[in-house]
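> Here is my input, please return the structure:
(chains A and B)
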Amino acid sequence: MTQKTKKPIRVSTSLLICIALALLLNIVEYFTTLLEGSAAYIPAAAFLIPALGLFIVFYRRLKRYLISIKFAVALLIFLCAAIILGTFVIQGVSTDEFVVAYTDYLVEHPRLMRSLVSMGIIEEVTRPEHDRKEQIPIPPKNRLVLEKAYHVLDRLRFTDVFHSYWFMGMTLVLGACLLHCTLTRRPWHLTQAGFLLTHLSLVLIFIGSTYGLIFGIKGIMWITEGDMTDTFVSWPKPAFSNNRTERQVKLPFSVACDDFILEKYEDRFKLYVYIHDHEGGKYRNPYPLDFTGNMKEPLPIRGTPYSVKVLKQYLHFVEKVRYEAVEEDSGTPAALLTLASEDGETQVWMTAEDPQMSLLPLGDSVLKFAWDPPDKILPEQKDPVIMVIYNKQKVSLKAVKGTKSTLGKPPLTVEVTGVYPDFIRMEGKNTTRSQMPNNPAAELRLRGSGKEESLIIFGKPEFKSFGVSRQIPGVEAVLDYPPSPPATVLVGSTSQLGLFDGKSYRMVPLEIGGDPVEVAENWSLRLDALYRHAAPVLQGAEDPHVGNRPAIEITVVSENGPEQSYFLVGDLEEPVFLGKRDVVLLYRKQFKEPKDYKSLLRIVKDGEVVRTKTIEVNHPLKYKGFIFYQSRYEPESAGRRARTGLEVVRDPGLYLVYTGFILMLVGIVFTFYIKPRLAKGADHHVKK
Amino acid sequence: MSKNKKRSGKTAENTGKPPAVLDRVLYICGAILFLILLYSFITLDKETTLAFFRASRLFTIPLVLYVLCTFLYVANTFFVKSRPVFIAGSAVFWIALAFNIASIVHRWIQAGRPPFKTYYESLILLAACTAAVYLVLEIVNRVRIVGPFASLICSGSYIIALSKLDEEIIELPAALQSFWFIPHVLLYFVAYASLGIAFGSAIVYLITPGVKILSKRNALLFGDREMDFYQYTYKIIVFGFIFLSLGLVTGGIWAKSAWGDYWVWDPKENWSLITWLIYLVFLHLRSIKGWKGRRAIIFSIIGFCAVIFCYLLMNYLPTAIQSDHVYSG
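All right, here's what the predicted structure looks like:
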């Protein structure tokens, strides 16, 4: 009678089994996601119970696979391929994030993009030149292709490989193989110690990590400096759990943050050069120009036709603008004035054309600088006027307190009892905030038809309805308030400088360097300089009042063009583009990342301080199974104290995992270095 | 072939003539290696060439010495095969290693922190580890045939470092300020160095699987005894695998103390696991009938490709932005 010979297990067949099993698990997960609540466990149960039953029934046949080294090798190759997949497909993102991320990726890798474009799969995209931080516009065709790709990958759970049923299931199968091959090697002897240690250690690592995953907890705790809390937000557990939502977890003790310390590296500012690599499509790593001790000598930017001359370094930089006379065909009229008030003197430049530079608020009035012959200066400024309409009769009143008028039949008396250029109601009274016509209003007293009414009317058209009387029918009042405040205009002409106060024009000759002239209430001005044609020149100055504000003044010299000067302020980080953006200069901090961030924590239980520690990255605080890691922070900002973000972890399986690590290392060394010596010794002994 | 081989001294096989095929193969390999080196010099861009003149002496001296060493080893391995030239090559290798280590120590003092952070610094470390591992192997085994590969890795690292020259010393971010920084990085680079040398040995195996010592000249390359290159490759991989495992474990412990989790499926972590798994498979293949030998060696070459990808090419991954480990630039 011949014995049935079993077909040998092949690596290729084992691989196919792994793929089939993975597909099955993927289908189970798909059905799980369609259901909610407890019903979500049904597909998993529907798979596991029969699978377990079949496993028990066919155990003897399946055992061959579980102890087969070929099957194990196939499983390892499968898991390898799965992990590789997880590094090529961006994990744990939404459809939009997927589309944006891969679009960015293709832009950063133009050769790959060009090959896909040549195959007609996508359209070419480029980053916007004017703002490289702006999101890249995605053509509809590209969006469609990427969304379809995401849909397919997501259906196969390739967008979250490491938390997918199929990946975790195959890892479980690997664990089962390890256990089986270890147990079937009995009886064990010393030379097998390495084998046992390595394989059991991996099982221990699986058990420890799974135990931690199921029974552990992880979350984030934000504490404001000086505050205390006993709750944190736990993160959702991955897969095989319906607990996929964040939740508040209460600790049996409180954690206080007495102080948050942000350590920074010394503020060192350098001038960095970025050179565009046209082939790669991005800027190469920047390098700093070393100009210390080499001021004013041009520093060549290697590989480019540019050199940089550093003219001056500032520690407390303020930017000042002054005007210089230029040729007659260009420039703008400019005047340098010294304005004096109760608070002191200040010197300002005013120009006639720039709206921002030609108007200067002086208390409740405005100073305007214009350059025109006197008779064309300004239209006569209007007085505010109130129009009252009563039974189709109209009357205009000056919006001046005390003005009265009577109109219509039965007679209606209108009296202006108040005029408010910037109306506000404060402590039950109507008043004005300033003389600037920001919210003009007038108060009227109406008497007619045996009734009396106080009416507030507003100048802004959106408040027109307030002008309709509620008590006296047929009465409507409208306030017409001119938009500009009483203004004083500094007028320049070819021969003189004068002041126009909005009502009457008076020419007061102003001489350069002459006596001050009163220009508004409590304000006087003196003319220091006057140019018909002037252009602005930037100037840097040191002003310790502004604090630490480093800056440099540079001149860029080009082989082909004129010299250009720039002020580069470290805090602003405004780049200077040279050529066609081939070269960029940026004056910035050398190290922006903090050196370290620490939180001084105090654990309080039942009103008593049980533990204090200053934690930092790599040095967490452990208490009662919870570990608090320095994870994030929000620095102090205007009106807000600093906040520290602590990652809170409880991992009951940690020591199992660490034990597994140690056993694995010992086992590997034993297998490859001690076991051969033991075998040699035994061999030698046998030969003897 | 006699099994009664002494470790040193002449045997019947030592005095025989080598087969003509082996010499021809060696000449071709030598020519290819020369061309690779020549090509790498010719195609250095202007910027990289200029960087040579900007770099400090502590960088340029080991670079020149490693390149010289490569030429000596390649020439001697594939063409000259002379003991004095081998001794000279070894001496140059040792001197280059000394300068390499000196440059690391100097950088350490200058930076005030271990010089293992940037791409440039890691390449210098890789060269040092490769040279150290190879020279120890050379003393222990007297196998010099993998010398050209080792010296090529060292000079190649330095040439790539030339194009990635650090313009300034960068400070360590908070996450890297840990006791585990030094052991984790060192263990991994010793592993990479060992696996790189094993790759060279694997190539030799593919060309000439089992070598019998047939002449005094060949003894210079292959050691004084019969060399089975599968076994030799296997032993180096075992050594490298232990360091890979140590690196993985120290990385996990460090991640736990820094981030609260010993494994976060970071792309760099994933590729280090992939590398570990590939070599784990290799180590198991010798137990599978029909998979020992050539097939297993090809697997080890795939493993080395994973090492290269993990170390140098992670930037090209779409998921690189999600990793804290990827070198920038």
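> all helices for chain B, in order.
Along chain B, counting by DSSP state H, helices occupy B:20-42, B:46-54, B:57-75, B:83-111, B:119-141, B:147-163, B:181-207, B:216-222, B:229-259, B:267-285, B:294-312.
> got it, and the stretch 351-500 of chain A?
Assigned by DSSP state H, counting those that start in this stretch, the stretch 351-500 of chain A shows helices spanning A:355-358.
> pLDDT weak spots in it?
For the stretch 351-500 of chain A, the stretches with pLDDT under 70 are A:354-359, A:363-366, A:372-382, A:434-436, A:483-500.
> Repeat that for the stretch 51-200 of chain B.
B:53.
> What is the three-state secondary structure of the residue in the stretch 301-450 of chain A positioned nearest to chain B?
Closest to chain B within the stretch 301-450 of chain A is A:Gly303: 6.1 Å, counting by C-beta to the nearest C-beta. Where you see a C-beta, it was placed from the backbone N, CA and C, and this is true even at glycine. Here A:Gly303 is recorded as coil under DSSP: H, G, I helix; E, B strand; the rest coil.
> Looks like it contacts A:Asp277 (just checking).
No. Using C-beta atoms under 8 Å, A:Gly303 is not in contact with A:Asp277, being 10.6 Å away.
> Give the buried residues for stretch A:146-160.
By neighbour count on 16 or more other C-beta atoms under 10 Å in any protein chain shown, the buried set for stretch A:146-160 is A:146, A:149-150, A:153-154, A:156-160.
> Run through the bridge partners of the residue in chain A that chain B sits nearest to.
Per C-beta to the nearest C-beta, A:Tyr287 is where chain A lies closest to chain B, at 3.5 Å. The bridge-partner assignment for A:Tyr287, based on DSSP bridges, gives A:Val273.
> burial measure for the residue of the stretch 301-450 of chain A closest to chain B, as a count.
Residues lying near A:Gly303 (other C-beta atoms under 10 Å in any protein chain shown) number 15.
> Next, give phi and psi for it.
A:Gly303 adopts backbone torsions of phi 80, psi 10, taken as degrees, to the nearest 10.
> what's the answer for A:Val537, then?
Backbone geometry at A:Val537, expressed as degrees, to the nearest 10, gives phi -130, psi 130.
> isn't it right up against A:Tyr323?
Yes. At 6.9 Å, A:Val537 counts as touching A:Tyr323 under the criterion of C-beta under 8 Å.
> Of the two, which one has the most company?
Comparing A:Val537 with A:Tyr323 by other C-beta under 10 Å, the one with more neighbours is A:Tyr323, at 23 against 12.
> For that one, name its beta-bridge partners.
Note on A:Tyr323: beta-bridge partners by DSSP bridges are A:Pro536.
> and the gap between it and A:Glu353?
12 Å (C-beta to C-beta, to the nearest Å).
> swap in B:Glu269?
In terms of C-beta to C-beta, B:Glu269 sits 63 Å off from A:Glu353.
> Identify the residue of chain B closest to chain A, quick one.
In chain B, the residue found nearest to chain A is B:Glu167; the distance is 3.5 Å by C-beta to the nearest C-beta.
> Leaving out sequence neighbours, find the closest residue to that residue.
Nearest residue to B:Glu167, sequence neighbours excluded (C-beta to C-beta, 6 or more residues apart in numbering or on different chains): A:Tyr287, at 3.5 Å.
> burial of B:Thr319, as a residue count?
The local packing of B:Thr319 (other C-beta under 10 Å) involves 21 other residues.
> how about the nearest residue to it, chain neighbours excluded?
Distances taken as C-beta to C-beta, 6+ apart put B:Pro267 closest to B:Thr319, at 4.5 Å, once the chain neighbours are dropped.
> neighbours of that neighbour, just the number please.
Neighbourhood size, B:Pro267 [other C-beta under 10 Å]: 25.
> of all the helices of chain B, which lies closest to A:Tyr587?
helix B:46-54 (22.2 Å; C-beta to C-beta).
> Now do the end-to-end distance for stretch A:289-303.
Stretch A:289-303 has its terminal residues 14 Å apart, counting by C-alpha to C-alpha, to the nearest Å.
> In it, which residues are buried?
If you call a residue buried by 16+ other C-beta under 10 Å, then stretch A:289-303 has these buried ones: A:289, A:291, A:299, A:301.
> Take those residues and keep only those in strands.
With strands taken from DSSP state E, the overlap with the buried residues of stretch A:289-303 comprises A:289, A:299.
> Tabulate the buried residues of stretch A:289-303 in a markdown table, adding columns for pLDDT.
A markdown table is the format used below for the buried residues of stretch A:289-303 (pLDDT from 0 to 100):
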| residue | pLDDT |
| --- | --- |
| A:Leu289 | 86 |
| A:Phe291 | 75 |
| A:Leu299 | 85 |
| A:Ile301 | 87 |
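> what's the most distant pair in the buried residues of stretch A:289-303?
Maximum pairwise distance in these, criterion C-beta to C-beta, is 12.0 Å, between A:Phe291 and A:Ile301.
> Common neighbours of the two, please.
A:Val308 (C-beta atoms under 8 Å, 6 or more residues apart in numbering or on different chains).
> And for the nearest residue to A:Leu578 once chain neighbours are set aside, the neighbour number?
With sequence-adjacent residues excluded and distances taken as C-beta to C-beta, 6+ apart, A:Leu578 is closest to A:Tyr306, at 5.6 Å. By other C-beta under 10 Å, the residues close to A:Tyr306 number 23.
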